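**Student:** Everything below, folded, please.
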Amino acid sequence: MSKIHLIPYEIEEIYEATSKIPDGVTMIQAPEVWEDAEKGSGNVVAIIDTGCQIDHPDLKERIIDGKNFTSDYSGDQNNYEDNNGHGTHVAGTIAASSKQDSGIAGVAPGANLLIVKVLSGQGSGEYQWIIDGINYAIDWKGPNGETVRTISMSLGGPNDVPELYEAIKRAVDAGIPVVCAAGNEGDDRTDTDEFAYPGAYNEVIQVGAVDFNKRIAPFSNTNDEIDLVAPGVEILSTYTGSKYAKLSGTSMATPHVSGSIALIINIAEKQFNRRLSEAELYAQLIRRTVPLGYPKSAEGNGLVALDILNQFENLFKSFHTTVNTPITDNAFVSKV
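**Tutor:** I've put the predicted structure just below:
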């Protein structure tokens, strides 16, 4: 059986330092809901990837725990450092939070990160590593009883492996949304299907990529299981060596959605005053999307727009006020 790999991605540019809210975070309207969502605090997102630079200045406060399932570092399970760069970039998009003058903010800068290293520095790994990593994330308990609320996976392979599928279903049955990259084998056509697993499983939330002009990225896989799209072209985030980089790929779109779920959990569970199921969290996520006009095979339900419900509510209030404004003498109009 072939190995599972990182979803291919492009390194556009590397920076020594930066200071901004990345355009992808802004595009999905995350800052508008930070206050209501408490920036995702109290939620743990498991990143199943190449590891993470655990002392990156924008990430070190967010990492709660981790484990290495690869043969890297002589198989030392306690060493989940990123020797590739991909996992650190994904982590920053989800939850980067800088207390310095420089640095960036992720989608949910108050969330905590569980780093699960299942891919080697070369970006590949055994299927068993991924399966064991998923099960670890499901069973993990934090020092204060924390549990994983969502899993982020920007990896994929051509094979539908039954054991991988069972691990995915176990996570979903445990109430944990599993967010996966659609893959970058797209041919810029919406009438042809490209599949990568686990993204193509119906049970996961499969994410395609758009650019900042809201166009489907030409590399983004299209198929009948795409759930939604997020920014995935020239995405600025944290990178190894305490640096920053712009990367492109559905790998970069995926953590925008994983971070979004951390925000939505705090908003929706406060409203319902109870813990929501995986299906309910998925429904709350899809409520916060905007169709872009592409076929469903390309965009699914559309682009993540976290503040769209508030915008609709304010629009309705404005409309309701206008409709119910009484006519005064000064407003009287006579027919001539």
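**Student:** tell me, how many neighbours does the closest residue to V233 other than its chain neighbours end up with?
**Tutor:** Taking Cβ to Cβ, 6 or more residues apart in numbering as the measure, V233 lies nearest to D211, with 3.9 Å between them; neighbours along the chain are not counted. Heads up, the C-betas are built off the backbone N, CA and C, glycines and all. A count of neighbours around D211, defined by other Cβ atoms under 10 Å, yields 16.
**Student:** I'd like to know how far D211 sits from D23.
**Tutor:** With distances taken as Cβ to Cβ, to the nearest Å, D211 is found 10 Å from D23.
**Student:** okay, and the common contacts of those two?
**Tutor:** Residues within reach of D211 and of D23 at once, by Cβ atoms under 8 Å, 6 or more residues apart in numbering, are P231.
**Student:** how close does G121 sit to P198?
**Tutor:** Between G121 and P198 the distance, using Cβ to Cβ, works out to 22 Å.
**Student:** So for these two, which residue has more residues nearby?
**Tutor:** Neighbours per residue (other Cβ under 10 Å) separate G121 from P198, with P198 holding more: 25 against 17.
**Student:** would you list every one of the strands in the stretch 1-150 of the chain?
**Tutor:** Listed in chain order, the strands of the stretch 1-150 of the chain (DSSP state E, counting those that start in this stretch) span 4-6, 10-15, 19-20, 44-49, 63-68, 103-104, 112-117, 124-125, 148-153.
**Student:** T254: what's it in contact with?
**Tutor:** Taking Cβ under 8 Å, 6+ apart as the criterion, T254 is in contact with V90, S152, M153, S154, V179, C180, A181, V207, A230.
**Student:** swap the cut-off to 7 Å and go again
**Tutor:** Shown in contact with T254 (Cβ atoms under 7 Å, 6 or more residues apart in numbering): S152, S154, V179, C180, A181, V207.
**Student:** G302 too?
**Tutor:** The neighbourhood of G302, defined by Cβ under 7 Å, 6+ apart, consists of L228, V229, T289, V290, P291, L292.
**Student:** So for T18, what's the pLDDT?
**Tutor:** The score at T18 is 87. That number is its pLDDT.
**Student:** Once you drop chain neighbours, what's closest to it?
**Tutor:** Y244 (4.8 Å).
**Student:** The helix ranked longest in the chain to strand 112-117, inter-axis angle?
**Tutor:** For the chain, the longest helix by residue count, based on DSSP state H, is helix 250-272. Here helix 250-272 runs at an angle of 140 degrees relative to strand 112-117 (axes from the mean of the first three to the mean of the last three Cα atoms, to 10 degrees).
**Student:** So which bits of helix 250-272 are buried?
**Tutor:** Using 16 or more other Cβ atoms under 10 Å as the burial criterion, the residues of helix 250-272 that qualify are 250-269.
**Student:** Could you tell me the angle between it and strand 10-15?
**Tutor:** On the basis of the same axes, to 10 degrees, helix 250-272 is oriented at 80 degrees to strand 10-15.
**Student:** contacting residues for G87?
**Tutor:** With contact set as Cβ under 7 Å, 6+ apart, G87 has these partners: I47, D49, T50, G51, C52.
**Student:** ditto for Y244
**Tutor:** Y15, T18, I104, L236, S237, T238.
**Student:** Next one: it relative to E16, how far apart?
**Tutor:** Using Cβ to Cβ, Y244 is found at 8 Å from E16.
**Student:** just A305 next, same as before
**Tutor:** Computed as Cβ to Cβ, the A305 to E16 distance reads 33 Å.
**Student:** higher neighbour count, the two?
**Tutor:** Neighbours were counted for A305 and for E16 using other Cβ under 10 Å; A305 has more, 17 against 9.
**Student:** Give me the pLDDT value at the more buried one.
**Tutor:** Per-residue confidence at A305 stands at 98 (pLDDT).
**Student:** if I read this right, T93 contacts S258, doesn't it?
**Tutor:** No: look at T93 against S258 with Cβ atoms under 7 Å: they stay out of range, at 8.3 Å.
**Student:** can you give me the helices in the stretch 1-150 of the chain?
**Tutor:** In the stretch 1-150 of the chain, helices defined by DSSP state H, counting those that start in this stretch lie at 23-27, 30-37, 86-95, 127-139, listed in chain order.
**Student:** Distance from the chain centre to the first one, please.
**Tutor:** Going back to what we said before, that points to helix 23-27. In terms of Cα atoms, centre = their mean, to the nearest Å, the gap separating the centre of helix 23-27 from the centre of its chain is 12 Å.
**Student:** which strand residues sit across from A105 in the sheet?
**Tutor:** Counting by DSSP bridges, A105 forms beta bridges with S97.
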